[in-house]
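*Asks:* just to be clear, the model below is a prediction. Sequence and coordinates:
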Amino acid sequence: MELKKIKLHGFKSFEKQTELEIKKGLTGIVGPNGCGKSNVLDSLQWVMGETSYKNLRGSEMDDVIFSGTDTSPSRNFAEVSVIMSEATNTSDKNEASGDEYEIKRRIERNSKLYLFLKFRS
């Protein structure tokens, strides 16, 4: 499996829908302290099944939902998706698989949690 894209919406510091495309080679996330770099790692842990709010650096599970700022209202949900593709180790492009999988996890305030798995060809 190969990670292709991470989509965040309302997760921790990601108020608006944000997509991070992971390309072949080296992909890095850089920025100043406090810009949300570690929240990307938390989102990967969470979408892959982490259930402990302590491991996500929170005091309750609702802490993964964007809580608002002076200029932006809080969100009522957090959603993270990862899109993965079937990786093949072949040089023959005719045998390359185009299968993609999307794993999506969504939580609404007051602990309504949803997990989706979508197969995309």
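*Replies:* In hand now; what should we look at? Numbers count the residues shown, from 1 in each chain.
*Asks:* can I assume residue 15 is in contact with residue 66?
*Replies:* Yes: Residue 15 is within contact range of residue 66, at 4.9 Å (criterion: C-beta atoms under 8 Å). Backbone N, C-alpha and C define where each C-beta goes, glycine included.
*Asks:* identify the contacts common to these two.
*Replies:* Contact criterion C-beta atoms under 8 Å, 6 or more residues apart in numbering; residues shared by residue 15 and residue 66: 72, 75.
*Asks:* which residues touch stretch 50-59?
*Replies:* 38, 42, 45, 46, 60, 61, 63, 64.
*Asks:* kindly recompute the last result at 7 Å.
*Replies:* 42, 45, 46, 60, 61, 63, 64 (C-beta atoms under 7 Å, 6 or more residues apart in numbering).
*Asks:* mark which of those are buried, thanks.
*Replies:* With burial judged by 16 or more other C-beta atoms under 10 Å, the buried subset of those is 42, 46, 61, 64.
*Asks:* secondary structure class for the second one?
*Replies:* Taken by DSSP: H, G, I helix; E, B strand; the rest coil, the conformation at residue 46 corresponds to helix.
*Asks:* what sits against it?
*Replies:* Applying C-beta under 7 Å, 6+ apart, the residues near residue 46 are 56, 64, 80, 105.
*Asks:* please repeat the previous calculation with a cut-off of 8 Å.
*Replies:* Neighbouring residues of residue 46 by C-beta under 8 Å, 6+ apart: 11, 56, 64, 80, 105.
*Asks:* and for the last one?
*Replies:* With contacts defined as C-beta under 8 Å, 6+ apart, the neighbours of residue 64 are 11, 12, 42, 46, 53, 56, 58, 78, 107.
*Asks:* which among those end up buried?
*Replies:* 11, 12, 42, 46, 56, 78, 107.
*Asks:* state the pair within these that is farthest apart.
*Replies:* Farthest apart among these by C-beta to C-beta are 42 and 107. That separation is 12.9 Å.
*Asks:* least trustworthy helix or strand in this structure by mean pLDDT?
*Replies:* strand 112-120 (a mean of 72; mean pLDDT, DSSP states H and E).
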